[in-house]
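>>> Model the structure of this input:
(2 chains)
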Amino acid sequence: MIQDGEGIRAVQQGGSVSVEVGPNDSSVEISTAGNNDTTSTRVEPNKTATVPIPDVPGGTLLLITVGKGSRRRTILVEVIAPPP
Amino acid sequence: MPPIRCVVLSAMLAATLVAQAPDHLVVPLAYETNDAVSFQWIAGASRDVRQQTLILQSHLTPMLGKTMQAIELRRSATAETFLGGTADLTVSLSISPNVPLACSSQFAANVGPSPVQVFTGPVTLPTSPGVTGPAVAWSASNIVRIEFQTPFLYTGGTLCVDVVGHPVTGQNANWWMADAEFENLAATSSDLGGGCGAYGGPQHEWSFVAERTVLAGGHALFFAYGAPWDLGLALFGIGSPVGIPMDALGFPVPPICELHMASFLVLQLAFFEPESALGLGARGGRAEIRLPFGHDPSFLGFTCTTQWIDLNTWETSNAIEWTTPSSVPTLGMALVEGDAADASGEVSVHLAHVMRFEYQ
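Coordinates of the predicted model:
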């Protein structure tokens, strides 16, 4: 599944989400919708951050963001099934 | 046999044409032919974006005293076809008062005293079939070309290429990524613990260090999540693996709230600004501190610890000990990127577009 967020996009691969980052932000933040637990992963030279999918039930929405305020880009990823 | 004066005229015309053929300079020169490791989006391709690139004179020596006529950006190498579009761009050039490793996050501060608007108008992003590299030609389908309406005489110094881009309705190129160089430098960090409170999950890890920014010449970014509009105090200093319970110091918090600082060098305040987007409310507000680091030896291999305190609740974040890389970025370029309407942007001294300049 690829989702475009006007400058960022994500591909879900097994137990992780591969986030490609067009802007010059240096990290990607991921949290579960409705949850106060956020993790941050740095962007590698190929402009990709590989973010492990948290242990959440299928159907959970993950919020992936880069930047803050007017620079913020957000994409939603729905977890189809818990990671193996 | 043609008359002699005809042959002379032809020879003169040919000589003139040769003299007028433009030269090209790729920056960084190492990527004149081959794809660089990274990519970067283009202002206005899909969003209102300002991109300011500062380039050291050492990259531009062949253009000294010459007139610049165009800038080109080449696509990044990948098998993917980039769908085309149009961006509305305004490009200004100037000689910046700042070298890349001392650039400002404020756009205005990087612009030289006599900026020249060299282009304004629509620019085509061509539909570009996949190119796997490593060589990527500067061909029409692989490049975005900005041909100047007003030439720019380069007289030396740090060049500031200031691009303000707006998308054109119905013409967005959502994933047209230009080639970019990325210097693989980053701080190292370790979590000393000490967090408590409602944010950061079961481990109360609500403090973060953007490791790519924490380097000599960079604008180090530290951020944390907390209750919206609470005031956060970021402590920078010498860390301690052994925490001091805040309640032992008289603060009304649970014993798990521990201070992992042996001493303070810098204190900074920032509000936890709430995010308005749907679903982000539970994440809490985000507070950010940016510290411009000098590009001198004192910031090489420099170790420090950061810990936040929510001044409304006295709850502590996890403390993070970090160490800057032992070398200075050598890219010789800086990218300041932000919303087109903002006065400031995100600074990268390790990442910038590969650009080709046309000059005479």
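>>> any idea what sits nearest B:R212, other than its immediate chain neighbours?
A:S26 (3.5 Å; C-beta to C-beta, 6 or more residues apart in numbering or on different chains). To be clear about C-beta, it is placed using only N, CA and C from the backbone, and glycine gets the same treatment.
>>> pLDDT value on that neighbour, please?
Note for A:S26: predicted pLDDT of 95.
>>> and if you look at B:F208?
97.
>>> Tell me the secondary structure at the nearest residue to A:V66 once chain neighbours are set aside.
Computed as C-beta to C-beta, 6+ apart, the closest residue to A:V66 that is not its neighbour in sequence is A:D25, at 4.1 Å. When classified by DSSP: H, G, I helix; E, B strand; the rest coil, A:D25 comes out as coil.
>>> how about the residues of the stretch 101-250 of chain B near chain A?
B:172, B:174-175, B:177, B:180, B:182, B:184, B:186, B:198-202, B:205-206, B:208, B:210-213, B:221, B:223, B:225 (C-beta under 8 Å from any C-beta of the partner chain).
>>> List buried residues within those residues.
Among these, the ones that count as buried by 16 or more other C-beta atoms under 10 Å in any protein chain shown are B:172, B:174-175, B:177, B:180, B:182, B:186, B:199-201, B:205-206, B:208, B:210-213, B:221, B:223, B:225.
>>> follow-up on the earlier one: just checking, the residue nearest to B:R212 touches A:R42?
Yes - judged on C-beta atoms under 8 Å, A:S26 makes contact with A:R42 at a distance of 6.2 Å.
>>> Of these two, give the one with the bigger neighbour count.
Neighbour count, other C-beta atoms under 10 Å in any protein chain shown: between A:S26 and A:R42, A:S26 has more, with 23 against 17.
>>> got a list of what B:R145 touches?
For B:R145, the contacting residues are B:70-72, B:123, by C-beta atoms under 8 Å, 6 or more residues apart in numbering or on different chains.
>>> one more time with 6 Å, if that's ok
With contact set as C-beta atoms under 6 Å, 6 or more residues apart in numbering or on different chains, B:R145 has these partners: B:E72.
>>> go on, B:L101?
Contacts of B:L101 by C-beta under 6 Å, 6+ apart are B:217, B:295, B:349.
>>> What residues are bridge-paired with the residue in the stretch 51-200 of chain B that chain A sits nearest to?
Chain A sits closest to B:F182 of the stretch 51-200 of chain B, with a gap of 4.2 Å, by C-beta to the nearest C-beta. As for beta bridges, B:F182 partners with B:L351 under DSSP bridges.
>>> Check B:M355 too.
B:V27, B:L73.
>>> wait, isn't it in contact with B:V26?
No - contact status for B:M355 versus B:V26: not in contact, 7.2 Å apart, counting by C-beta atoms under 6 Å.
>>> still on that earlier bit, how many neighbours does the residue nearest to A:V66 have?
27.
>>> which regions of the chain sit below the pLDDT cut-off?
Let's take chain A. A:1-5, A:82-84 (pLDDT under 70).
>>> oops, I was thinking of chain B
If you take pLDDT under 70 as the line, chain B has these spans: B:1-19, B:278.
>>> now the helices: where do they sit in it?
B:4-20, B:107-110 (DSSP state H).
>>> For residue 70, give me its contacts.
All of this is about chain A. Counting by C-beta under 6 Å, 6+ apart, A:S70 touches B:339, B:342.
>>> let's do chain B instead
B:147-148, B:358.
>>> how many other residues sit next to the spatially closest residue to it that is not a sequence neighbour?
Once flanking residues are discounted, B:A70 sits nearest to B:E358: 3.9 Å by C-beta to C-beta, 6+ apart. When neighbours are counted by other C-beta under 10 Å, B:E358 registers 19.
>>> now the strands for the stretch 51-200 of chain B?
B:67-74, B:85-96, B:116-125, B:143-153, B:158-167, B:178-182, B:188-193 (DSSP state E, counting those that start in this stretch).
>>> and if you look at chain A?
A:2-4, A:8-13, A:16-21, A:27-32, A:38-42, A:48-52, A:61-66, A:73-78 (DSSP state E).
>>> At the contact with chain B, which residues of chain A appear?
A:4, A:6-7, A:22, A:24, A:26-27, A:31, A:33-38, A:40, A:42, A:45, A:47, A:63, A:68, A:70-71, A:74 (C-beta under 6 Å from any C-beta of the partner chain).
>>> circling back: could I get the strands of the stretch 51-200 of chain B in TSV, plus columns for distance to B:T313?
As requested, the strands of the stretch 51-200 of chain B are exported to TSV (distance: least, C-beta to C-beta, whole Å):
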stretch	distance to B:T313
strand B:67-74	48
strand B:85-96	44
strand B:116-125	49
strand B:143-153	50
strand B:158-167	42
strand B:178-182	39
strand B:188-193	18
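>>> For A:V17, which of the ones you listed is the nearest?
With distances scored as C-beta to C-beta, the stretch of the strands of the stretch 51-200 of chain B nearest to A:V17 is strand B:178-182 (20.7 Å).
>>> just the CA coordinates of that closest one, formatted as PDB?
Output in PDB follows, covering the C-alpha atoms of strand B:178-182 (Å, rounded to 0.1, in the frame of the first residue of the first chain):
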ATOM      1  CA  ALA B 178      15.300  15.600  -7.900                       C
ATOM      2  CA  ASP B 179      18.800  14.200  -7.300                       C
ATOM      3  CA  ALA B 180      20.400  15.200  -4.000                       C
ATOM      4  CA  GLU B 181      23.600  14.600  -2.100                       C
ATOM      5  CA  PHE B 182      23.300  13.400   1.500                       C
END
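>>> which helices and strands sit right next to it?
If contacts are counted by 3 or more C-beta pairs under 6 Å, 6 or more residues apart in numbering or on different chains; DSSP states H and E, strand B:178-182 sits against strand B:38-40, strand B:351-353.
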